[in-house]
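Peer 1: Attaching a predicted model along with its sequence, questions to come.
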Amino acid sequence: MSSAKDIVRFPLTVLKYAGKGLAYIKSLIFKSELDIDPNRLVGNELDAAVEKVKQQSNEFNKVVEQKKVDTDQKLVSFRYVVKSPMGDTVKGIFDAVDEQAVRVFLTNEGYEIIEIKARGKGDIDISFGGGKIGTGDLSFALVQLSTYIKAGIPLIDSMRILAKQTTSPSLKRIYDRVIYELVVGESFSVALEKQGKAFPSILINMVKTSEMTGDLAGTLDEMAEYFTESEKTKKEMLSAMIYPSVILTMVIAVLCFLVMFVVPQFIDMFSSQNAELPAITVFVIDASEFLQNYWWALILGILVIIFTFRWFYKNVREFRKAVQTIMMKTPVLDKIMIYGQVSNITRTFSSLLNHGVFITEAMDILHNLTNNEIYKEILSRTMIGLSKGAKLSETFRGEWAFPVVAYEMIVTGESTGQLALMMQKVAEHYANLNHNAVTVVKSLIEPMVIILLGVSVGFILMSIMLPMFDLYGQI
């Protein structure tokens with residue numbers, strides 16, 4: 001009977017599992033990007049998933065629906081010559097849509113126009129920094145601006161004071177453009193955003209929030225402190241990288257000098273005595289001859305390697321990620337890299353939360369600010385996780401580049417409702433750890449370099465002294 005029942009049920013079983021199979025195939029074909037495991041995605045696929053999330057997820061509606069400011073508007077560059085109210089002749093450059101806009105701006109600023117003309121193709125303006133304000137200049141400008149506003153000076157007049165005080169032509173151009181946007185009725189955040197990459201996105205978002213709360217001066221003070229701390233951390237990281245590089249370069253220069261100019265003095269003596277040279281001496285002599293004959297090829301090769309490395313690092317995402325991964329897993333360097341990145345990310349995150357920025361929008365801002373591909377991918381996976389309703393701590397769980405202590409602090413912050421405060425504590429903690437790691441590296445570099453130099457010089461001296469002892473023994 002059971003076999004008969006099985007025979008009867010067999011077609012139904014086949015149809016049942018066939019339906020499940022079709023449903024599975026359909027789920028593979030029409031699977032939403034929101035259901036994809038973000039931990040399996042990297043590179044462009046992860047970017048595509050994040051963009052899909054921003055379009056589909058309600059968590060990102062506030063971010064997606066924000067008004068887009070046209071930062072790619074084509075402007076014409078004009079040179080102008082004007083006379084100030086004090087009678088001084090002033091020359092400068094202003095970027096505007098047309099000449100009339102330049103006239104309106106200069107007239108409104110109280111200048112008497114002498115000449116305005118569009119710059120030709122051969123009119124080259126040499127400037128450094130790519131139109132971006134340096135962190136030091138930005139921090140100082142924010143402190144000044146906050147002070148003026150607290151003293152009761154209107155924002156637009158405060159910006160005019162900044163523009164008149166600066167001695168940098170590139171900074172004056174940026175400040176003048178901001179003043180122009182304020183004059184035509186734009187908000188301060190929009191005026192900053194229209195300057196392209198001149199101002200950091202975190203500053204623009206903070207200013208947007210302060211315009212709603214009415215505490216612009218306080219926000220500028222906090223941003224000035226933020227940029228000061230960020231610059232301090234960045235300089236410590238660069239110091240840790242540059243110091244050993246400079247010392248190593250000096251060691252190589254000393255060795256090259258010995259091999260190219262000292263060793264050849266002894267080669268002639270050994271040749272005249274027909275001495276049998278040990279292997280170590282032959283090696284040093286060969287190195288000396290190579291450097292004397294092909295030093296240009298060696299320098300050219302080094303330059304090619306450096307420029308090739310820089311090009312790949314700047315333009316090839318996979319290469320940049322591989323280099324950063326290697327550095328973040330190299331003993332001693334790993335602590336400097338990870339502590340510095342975690343400190344910057346958590347400090348920025350804390351500032352954004354303190355100013356009422358949504359977590360989803362904060363993650364997007366952090367993603368755009370960092371230049372480390374590992375942390376970009378972590379933040380991308382975090383955005384996808386948040387879009388599914390996951391907690392922030394859950395999205396950071398198990399990430400090898402995010403320390404356990406920082407993760408536990410996020411968990412504590414979520415459970416106590418003090419996430420911004422916890423992130424500030426994390427930033428301070430890892431900033432101190434980063435400083436200590438840099439100090440340790442500096443303290444280790446000097447003895448290591450001395451040992452390296454001593455061993456290298458000793459090797460060269462031994463290569464010279466050994467055949468000399470043989471010569472003296474033959475006398």
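Peer 2: Arrived safely.
Peer 1: for the stretch 51-200 of the chain, what are the low-confidence residue spans?
Peer 2: 56-73, 121-131 (pLDDT under 70).
Peer 1: can you give me the strands for it?
Peer 2: Taking DSSP state E, counting those that start in this stretch as the criterion, the stretch 51-200 of the chain contains strands spanning 76-83, 89-96, 112-118.
Peer 1: Turn these into CSV, columns for mean neighbour count and distance to Glu399.
Peer 2: For the C-beta atoms, the positions are set from N, CA and C on the backbone; glycine is no exception. Output for these, formatted as CSV (neighbours: other C-beta atoms under 10 Å; distance: least, C-beta to C-beta, whole Å):
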stretch, mean neighbour count, distance to Glu399
strand 76-83, 17, 46
strand 89-96, 16, 43
strand 112-118, 13, 52
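Peer 1: Go through those and name the closest to Gln144.
Peer 2: Proximity to Gln144 (C-beta to C-beta) singles out strand 89-96 among the strands of the stretch 51-200 of the chain, at 20.4 Å.
Peer 1: mind saving the C-alpha coords of that closest one as PDB?
Peer 2: Taking C-alpha atoms only, strand 89-96 is exported to PDB below (Å, rounded to 0.1, in the frame of the first residue of the first chain):
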ATOM      1  CA  THR A  89      44.700 100.400  -7.500                       C
ATOM      2  CA  VAL A  90      43.700  96.800  -7.000                       C
ATOM      3  CA  LYS A  91      44.200  93.900  -9.500                       C
ATOM      4  CA  GLY A  92      42.600  90.500  -9.300                       C
ATOM      5  CA  ILE A  93      40.800  87.600 -10.800                       C
ATOM      6  CA  PHE A  94      37.200  86.700 -10.600                       C
ATOM      7  CA  ASP A  95      35.200  83.800 -12.000                       C
ATOM      8  CA  ALA A  96      31.700  84.500 -13.100                       C
END
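Peer 1: circling back to that earlier point, out of the strands of the stretch 51-200 of the chain, the one nearest Gly458 is which?
Peer 2: Comparing those by C-beta to C-beta, strand 89-96 comes nearest, at 59.3 Å.
Peer 1: which secondary structure elements does the closest one contact?
Peer 2: strand 76-83, helix 99-108, helix 169-183 (3 or more C-beta pairs under 8 Å, 6 or more residues apart in numbering; DSSP states H and E).
Peer 1: host element of the residue positioned nearest the centre of the chain?
Peer 2: With distances taken as C-alpha atoms, centre = their mean, Asn371 lies nearest the centre of the chain, 3.7 Å away. Counting by DSSP states H and E, there is no helix or strand that carries Asn371.
Peer 1: ok, now how distant is it from Glu414?
Peer 2: 28 Å (C-beta to C-beta, to the nearest Å).
Peer 1: Break this protein down into its domains, please.
Peer 2: Using automatic domain parsing, the domain parsing of the chain gives 71-125, 127-199, 229-475.
Peer 1: Look up how far Met423 lies from the residue nearest to Leu182 when sequence neighbours are not counted.
Peer 2: The shortest distance from Leu182 to any non-neighbouring residue, by C-beta to C-beta, 6 or more residues apart in numbering, is to Ile156 (4.7 Å). Going from Ile156 to Met423 by C-beta to C-beta gives 34 Å.
Peer 1: what does Asn293 give?
Peer 2: On the measure of C-beta to C-beta, Asn293 and Met423 end up 59 Å apart.
Peer 1: Comparing these two, which shows the higher neighbour count?
Peer 2: Using other C-beta atoms under 10 Å, the more surrounded residue of Asn293 and Met423 is Met423, with 25 against 9.
Peer 1: any residues touching stretch 315-333, and which ones?
Peer 2: With contact meaning C-beta atoms under 8 Å, 6 or more residues apart in numbering, stretch 315-333 is reached by 43, 312-314, 334, 337-338, 372-374, 401, 437, 440-441, 444.
Peer 1: related to what we said a few turns ago, quick one: the strands of the stretch 51-200 of the chain as TSV, columns for distance to Ser189 too.
Peer 2: Listed next are these as TSV, based on distance: least, C-beta to C-beta, whole Å:
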stretch	distance to Ser189
strand 76-83	25
strand 89-96	20
strand 112-118	29
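Peer 1: and Gln195, which of those strands is closest to it?
Peer 2: So among the strands of the stretch 51-200 of the chain, strand 89-96 is nearest, using C-beta to C-beta, at 9.8 Å.
Peer 1: ok, back up a step: pretty sure the residue nearest to Leu182 contacts Val183?
Peer 2: Yes. With contacts counted by C-beta atoms under 8 Å, Ile156 reaches Val183, the gap being 6.9 Å.
Peer 1: Average pLDDT for the helix or strand containing Asn432, rounded please.
Peer 2: Secondary-structure element containing Asn432, defined by DSSP H and E: helix 419-474. Over the span of helix 419-474, the pLDDT mean works out to 81.
Peer 1: so what secondary structure elements neighbour that helix?
Peer 2: Helices and strands touching helix 419-474, by 3+ C-beta pairs under 8 Å, 6+ apart, are helix 216-257, helix 263-272, helix 279-315, helix 333-354, helix 404-416.
Peer 1: which of these sits most buried?
Peer 2: helix 333-354 (a mean of 22; mean count of other C-beta atoms under 10 Å).
Peer 1: quick one: it to helix 419-474, angle?
Peer 2: In terms of direction (axes from the mean of the first three to the mean of the last three C-alpha atoms, to 10 degrees), helix 333-354 departs from helix 419-474 by 160 degrees.
Peer 1: Distance from helix 333-354 to the middle of the chain?
Peer 2: 12 Å (C-alpha atoms, centre = their mean, to the nearest Å).
Peer 1: Would you mark the buried spots in the helix or strand following it?
Peer 2: As assigned by DSSP H and E, the chain's next helix or strand after helix 333-354 is helix 359-369. Buried residues in helix 359-369, counted by 16 or more other C-beta atoms under 10 Å: Ile359, Thr360, Glu361, Ala362, Met363, Asp364, Ile365, Leu366, His367, Leu369.
Peer 1: and what of stretch 422-432?
Peer 2: By neighbour count on 16+ other C-beta under 10 Å, the buried set for stretch 422-432 is Met422, Met423, Gln424, Lys425, Val426, Ala427, His429, Tyr430, Ala431.
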